[in-house]
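Asker: generate a structure from the sequence data that follows.
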Amino acid sequence: MTDSAPAGNAAPEAGPADWLTLPDVAERLELPISKVHQMIRDRELIAVRRDGVRRIPADLVANHTVLKHLPGVLTLLADAGYDDEAALRWLYEPDDSLPGRTPATALAGDQAREIKRRAQALGF
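Answerer: A predicted model of the protein is given here:
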């Protein structure tokens with residue numbers, strides 16, 4: 001797991017509409033900031049540097065909780081060799097075969113199993 005963007009700090013082509021800083025996530029989840037750091041280390045959340053600040057896509061922390069299947073998908077992506085930047089690109093890559101048009105939005109809906117299956121297939 002990497003905490004910072006690779007050299008060049010290139011932003012993904014597609015990406016989240018809104019970002020939260022780690023203190024914002026801690027407040028939204030009603031957790032101490034140290035727990036948010038632990039969740040990132042444990043791949044329960046994904047954080048990348050944008051403008052020098054670690055940020056988390058806001059839609060991954062919906063309704064005052066982390067999306068239920070996100071930790072499993074992040075683990076599958078890490079097992080397939082994806083660092084945080086690559087995992088973020090994969091989560092927000094447009095895909096017309098998904099109802100939400102990206103794995104991240106589909107993960108929040110009824111397609112979580114399909115997203116997990118696709119992430120698992122990346123390891124083969």
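Asker: beyond the helix or strand harbouring Gly72, next helix or strand please.
Answerer: With elements delineated by DSSP states H and E, Gly72 resides in helix 70-79, which encompasses its position. Heading C-terminal from helix 70-79, the first helix or strand you meet, by DSSP H and E, is helix 84-91.
Asker: OK, contacts around the spatially most central residue of the chain?
Answerer: Nearest residue to the geometric centre of the chain (C-alpha atoms, centre = their mean): Ile46, 4.4 Å. With contact set as C-beta atoms under 8 Å, 6 or more residues apart in numbering, Ile46 has these partners: Ile40, Ile56, Pro57, Leu60, Leu70, Leu74, Asp84, Ala87, Leu88, Leu91. Placement of C-beta: from N, CA and C, glycine included.
Asker: and which of those residues is nearest Glu27?
Answerer: The shortest separation between Glu27 and any of the contacts of Ile46 is 12.2 Å, and it belongs to Ile56 (by C-beta to C-beta).
Asker: beta partners of that closest one?
Answerer: Note on Ile56: beta-bridge partners Leu20, judged by DSSP bridges.
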